[in-house]
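**Student:** Turn this into a structure:
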Amino acid sequence: MVSIDDIKDKLKTELKPSRYEHSVRVCEAALELAERYGLPKDKVALAAILHDCGRKVSVEDSIAKAKELGLEIDFVEEHQPILLHQKLGAYFAEHEYGVRDGEVLEAIRRHSVGGRNLSVLAQVIYLADLVEKGRKFPGVEELRKATRSGLQDGMLMAYAHTIKFLTDTKQLVHPDCVEGYNQLLVKGL
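**Tutor:** Predicted structure coming up:
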């Protein structure tokens, strides 16, 4: 497998500068969460730095690329192909970067929509993507606080924020996001 520095060098050439910088900030945020939640830093860093590697494929080309690679495309992804970057990212992480750790690949594959039964690593990557220091959306400070107080609190708030944003902007809500929210809500009752 390639080193994190080598991965960063390759990502710099494949991603837009703003996307690369976001990936570095997600890695920093994820490493802070890794310390808080007792995760191995090497695994967290790998998933975090590669979480958006699928963004090297443009949204316009995502469906064609996913089909070419034999990736399954669901109804929501077909109508909002930007979501395919997580599946493309998991594919590239495995086939171009040599990642063999299934938990790392799953964290990359689910970092945008979440889902039921997310590992702690997947939750950390999902949250780090939303709370990294470059994010400026309304409510981000509350989300950062909730994430520091506990993964379940952070995930519930993140899912709720995402669902509200998507419905307010008349976008499709992926069923995995709803299922993840529902599962956590029931666990907390």
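
**Student:** Could you pick out the longest helix of the chain?
**Tutor:** Criterion DSSP state H: the longest helix present in the chain is helix 17-37.

**Student:** just checking, what packs against that helix?
**Tutor:** Counting contacts by 3 or more C-beta pairs under 8 Å, 6 or more residues apart in numbering; DSSP states H and E, helix 17-37 is packed against helix 4-14, helix 41-50, helix 120-131. In this view, the C-beta of every residue, glycine as well, is placed from N, C-alpha and C.

**Student:** Where does the most centrally placed residue in the chain sit: helix, strand or coil?
**Tutor:** Among the residues of the chain, the one closest to the centroid is H111, at 2.2 Å (C-alpha atoms, centre = their mean). Classification of H111 by DSSP: H, G, I helix; E, B strand; the rest coil places it in coil.

**Student:** For it, give me its contacts.
**Tutor:** Residues in contact with H111 (C-beta atoms under 8 Å, 6 or more residues apart in numbering) are 51, 86, 89, 122, 125-126, 129.

**Student:** switch to 7 Å and redo it
**Tutor:** H111 makes contacts with 51, 86, 125-126, 129, as judged by C-beta atoms under 7 Å, 6 or more residues apart in numbering.

**Student:** Quick check: it vs A64, distance?
**Tutor:** According to C-beta to C-beta, to the nearest Å, H111 stands 22 Å off from A64.

**Student:** May I see the buried residues of stretch 45-61?
**Tutor:** Within stretch 45-61, the residues scored as buried using 16 or more other C-beta atoms under 10 Å are 45-57.

**Student:** pLDDT below threshold where in this protein?
**Tutor:** Applying pLDDT under 70 to the chain picks out residues 1, 189.

**Student:** before we move on, the earlier item: adding distance to R144, write the contacts of H111 out as TSV.
**Tutor:** Output for the contacts of H111, formatted as TSV (distance: C-beta to C-beta, whole Å):
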residue	distance to R144
H51	18
Q86	22
I125	16
Y126	14
D129	13
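
**Student:** hang on, the earlier thing: taking helix 120-131 as reference, get the angle to the longest helix of the chain.
**Tutor:** 130 degrees (axes from the mean of the first three to the mean of the last three C-alpha atoms, to 10 degrees).

**Student:** Would you mind extracting the C-alpha trace of helix 17-37 into PDB?
**Tutor:** What follows is helix 17-37 as a C-alpha-only set of coordinates in PDB (Å, rounded to 0.1, in the frame of the first residue of the first chain):
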ATOM      1  CA  PRO A  17      -7.100  22.400  -5.400                       C
ATOM      2  CA  SER A  18     -10.200  23.300  -3.300                       C
ATOM      3  CA  ARG A  19     -11.200  19.600  -3.200                       C
ATOM      4  CA  TYR A  20      -7.700  18.500  -2.200                       C
ATOM      5  CA  GLU A  21      -7.600  21.100   0.500                       C
ATOM      6  CA  HIS A  22     -11.000  19.900   1.800                       C
ATOM      7  CA  SER A  23      -9.600  16.400   1.900                       C
ATOM      8  CA  VAL A  24      -6.600  17.500   4.000                       C
ATOM      9  CA  ARG A  25      -9.000  19.300   6.400                       C
ATOM     10  CA  VAL A  26     -11.200  16.200   6.600                       C
ATOM     11  CA  CYS A  27      -8.100  14.200   7.500                       C
ATOM     12  CA  GLU A  28      -7.200  16.700  10.200                       C
ATOM     13  CA  ALA A  29     -10.800  16.600  11.600                       C
ATOM     14  CA  ALA A  30     -11.000  12.800  11.400                       C
ATOM     15  CA  LEU A  31      -7.700  12.400  13.300                       C
ATOM     16  CA  GLU A  32      -9.000  14.600  16.100                       C
ATOM     17  CA  LEU A  33     -12.100  12.500  16.300                       C
ATOM     18  CA  ALA A  34     -10.000   9.300  16.100                       C
ATOM     19  CA  GLU A  35      -8.200  10.400  19.300                       C
ATOM     20  CA  ARG A  36     -11.400  11.100  21.000                       C
ATOM     21  CA  TYR A  37     -13.000   7.800  20.000                       C
END
